[in-house]
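Chemist: Please find the sequence and the predicted model below.
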Amino acid sequence: MNNLLAIILKDTFTLAQLNSRVRVLKSTLLNEFFGGSQTQLTAGEMSWLSSLPPDAKSKFNKDNVYKIFEEIEKAIKLLPTLTIYLTFEPDEPTIFKIGSFARKLYQPNILLDTKIDMGLIAGCSLVWKGRKKDYSLKSRLDEKKGEVLENFKKFLR
Amino acid sequence: MDQTQEVGYVTSSRDFLVYLDGFPTIKINDMVQSDEGIRGWVNSLEEDKIEVLMLDEGKIVPKQQFIRLSSRLGVSVGDFLLGRAINPLGVPIDGKGLLSKTKTNPELGLEQAALGIESREFITEQFLTGITLIDSLIPLGKGQRELILGDAHSGKTGFLIDTIINQKNTGIICIYASIGKPAVVVRNLIDTLKNNKALIFTVIVATSSSEPAPLIFLTPKTAFTIAEYFQKKGKDVLLILDDLGTHAKIYREIALLGNKSPGRESYPGDIFYQHAHLLERAGNFLPQYGGGSITALPVIELNLNDFTTLIPTNVMSMTDGHLLFKASLRSQGQTPAIDISLSVSRVGRQTQDPVSNLLSAKIRQVLSAAADLETISRFSSELPPETQLTLRRRDLIMELLKQDPLTQVPKPIQLILLALVFTTFLQTKNQAFVEKYKATIIQAFLRDPRLMPIAKSTAKFQSDEELIKILEGAGPFLAKLCP
Amino acid sequence: MQLPENSVILITGTVAILASILYLREYFLRKKIIESQKEVYLETKQKSAELLAAAFEAESEIVSGGNWAAKKLISEYSNRLQNLIDGSRDSIISAQDQLINFMRDLQKRSLDFEQASKVSTEKRISQTFERLEQKLSDFLIQTEQKTAASIELELKSTRSLIETYKNAQLKLIDENIIAMMEQTLSIVLSKKLSLKDQLDLIYEALEKAKVEKFIV
């Protein structure tokens, strides 16, 4: 059921967003098939659900819904994830911009995992496959610590 | 942060067991730390996850970031450890402040392979415990591994403390690993050793039962690492592991939590390896490998005197003998409460001097003969004089072998006491007489100018007969002392 | 080396006592010899007087008896007298010579002894002083060296201590400056930096990661 995942991935860039969207879709479908109480969806979630192509949902039926979602969840775990530490809380358009940029640069199915680290001052640090590299202003400051201090001391005198 | 750093993220956690994702180049026994400063060590590596055992307690949440520490699992060693109590990571727990002010102490890894046979030497020197029963009948050698088995409250710990205290002025370093015992027990141990001036040559490695299981699991490894440091400096080391039963249970807990398949008594398959690997680090070493020795006394507490369960039989098979303590003997007033017939020492005999060797063989003969005759004696009212003598001698021996806690009997006096049983002086006496005058006789041989030469020259005798003959001569004098 | 003054005093005292004993002995000896001389002289005188008296008697007899016999007698007596006088003079002279010799010898010996003891004492005193001087100077030099070394060491450790303290302080100040700057920057930048600037920084970082082949 990878083409459904591909459809979702098209406008989903972060791991958190992907998980929540899959969950929303799953609960909606389960509700449709088996009934029960549906949790209240937010406006954003509603609009996202309606933005899905109509044939995406048509493949589900009572028998395969659990299986398909199991496969999707398994596939999500295998997606390449780039953890990115930011200094601000990104809103959706920002994530869209960063995500599409990263996808253009690397792979079309790369996922972002955003975290906040205020200590970075500005810029970001990246974690890829267990390795972390700091590209923020702080790392550049640390690099040029000596020069900065010297200038600062000159200014003091 | 201009260099690339390795990080890992928590994927799942179960109690003190945490699985991480990331760390492309991590190795077993590396240390990792969470952003909140909680440390753990890598226990096993799987294809897609890293199993970490946490050493500190704290909050672990999924997705939490871990960084790799530069240090591996180890403990910094040095002479500054003497007189101190530390936990398995080398952090002092006795409230006496920092261990050492200089920071250039060597740090030794906890996990060391035992030295091979090319580095080992035949055990030739006797390890004196100062306890008559052991030094004469079940002698230990320097570098031997002797298992201490026994019920709860059978006097095992008391015996171990006595043994440590009796190493005063011998230059032997004692290391006491207290594995998962209550904190108050460790406190008592420190105080007892201190009051008897035995703390200065002792290192205590302790974990209390409230600490995380992985930390308790490391206790014997740290103790062995410290012992190896002193052994490499040419010292004789006494290492006590109290107790390995708890250690096995802790390892079972870790293994079961880590989904390892349980074996007999639910212990994991490698429990034998874990203990054998550990105990093999003891021994007597050649000068080019440091020249010292590590005498290991692992302790296992038995349940209802049953030593046929997995862990006791395992450890019995990897040690050079065992001492069996019995609570029933202790309640009968025998201290130390060691069952002589069920205790063995596979190495100690070769280290004994000929006189003690011959004498202890004689004593054993009397004891076994008396055991045979005892059944007969129950049925007949009138016994032949030889049988009566044998039975009386057995009683005398058992009385002479009794020794109060915190007392030491010097080696020559041990010999004299046991040889006295075969002289005419004691032949007619009974158990009550020995109980009453034992201290007087010991004092006489230690202090009296007429008897002192005998005590001093015991090492020179060729056979036990000679010693018995000399003591025969001292009989009338002793008779005067003990009216 | 020990008690040098005492030993000097002891030696000088012994020498003085010896000299005075010798002198006393000499004095008594001399007295004795003079006395014996006197005795011999008196004896001689008496004997000669007796002889003279006898001669006079005989002379008067001879004169009365005969001149020849008288002459003979006179010459005989004068001869005997001469012999006697000669003998006594010889003995006097020899005794005197003996005495003089003895005196000379004694004087020489005492002089020799005095000289020898003087030389040895002087030698010992000078040796003692020399040794004392040597030891003192050694001690002084050693002490000086030790003091100098210990002062040097103390100074060195103090200096290094000050240095490490200074370095630690400077490092702390440096760190504080950086921390201050970082904090200021993060406050300022989080307000002043536009979203576009932030995004540019992130794009830049992503591109850099690609260039460095950090992400492949």
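Modeler: Yes, it's here.
Chemist: how about the residues of chain B near chain A?
Modeler: Counting by CB under 8 Å from any CB of the partner chain, chain B comes close to chain A at B:Met1, B:Asp2, B:Thr4, B:Gln5, B:Glu6, B:Val7, B:Gly8, B:Tyr9, B:Asp21, B:Gly22, B:Phe23, B:Pro24. C-beta: built from backbone N, CA, C; applies to glycine.
Chemist: Now do the closest residue to the last one other than its chain neighbours: how many residues are near it, please.
Modeler: Yep, that's B:Pro24 we're talking about. Of all residues not flanking B:Pro24 in the chain, A:Gly130 sits nearest, at 4.7 Å (CB to CB, 6 or more residues apart in numbering or on different chains). A:Gly130 has 20 neighbours, counted by other CB atoms under 10 Å in any protein chain shown.
Chemist: what's the distance between A:Gly130 and A:Asp113?
Modeler: According to CB to CB, to the nearest Å, A:Gly130 stands 13 Å off from A:Asp113.
Chemist: repeat for B:Thr219
Modeler: 39 Å.
Chemist: higher neighbour count, those two?
Modeler: Ranked by neighbour count (other CB under 10 Å), B:Thr219 and A:Asp113 place B:Thr219 first, with 25 against 16.
Chemist: Could you verify that the more buried one is part of a strand?
Modeler: No: assessed by DSSP: H, G, I helix; E, B strand; the rest coil, B:Thr219 does not belong to a strand; its assignment is helix.
Chemist: Quick check, it in contact with B:Lys181.
Modeler: No: contact criterion CB atoms under 8 Å: B:Thr219 and B:Lys181 do not qualify, at 9.9 Å.
Chemist: tell me, what's touching these two both at once?
Modeler: Common neighbours of B:Thr219 and B:Lys181, counting by CB atoms under 8 Å, 6 or more residues apart in numbering or on different chains, are B:Ala206.
Chemist: Flag every buried residue along stretch A:83-103.
Modeler: By neighbour count on 16 or more other CB atoms under 10 Å in any protein chain shown, the buried set for stretch A:83-103 is A:83-87, A:90, A:94-95, A:97-99, A:101-103.
Chemist: of all those residues, which two lie farthest apart?
Modeler: For those, the farthest-apart pair by CB to CB is A:Thr87 and A:Arg103; their separation is 22.3 Å.
Chemist: Chain C - how does it break down into domains?
Modeler: C:4-158, C:162-211 (automatic domain parsing).
Chemist: Any idea which of these gets closest to B:Leu302?
Modeler: Per CB to CB, nearest to B:Leu302 of those: domain C:162-211, 56.9 Å.
Chemist: what's the model's confidence in that closest one, averaged?
Modeler: Domain C:162-211 carries an average pLDDT of 82.
Chemist: is chain A contacted by it?
Modeler: Yes: using CB under 8 Å from any CB, domain C:162-211 reaches chain A at C:174, C:177-178, C:181-182, C:185-186, C:189-190, C:193, C:195, C:197-199, C:201-210.
Chemist: and the residue in chain B positioned nearest to chain A, how many neighbours?
Modeler: In chain B, no residue comes nearer to chain A than B:Gly22, which is 3.2 Å away by CB to the nearest CB. Using other CB under 10 Å, B:Gly22 has 25 neighbouring residues.
Chemist: For it, report the pLDDT, please.
Modeler: 87.
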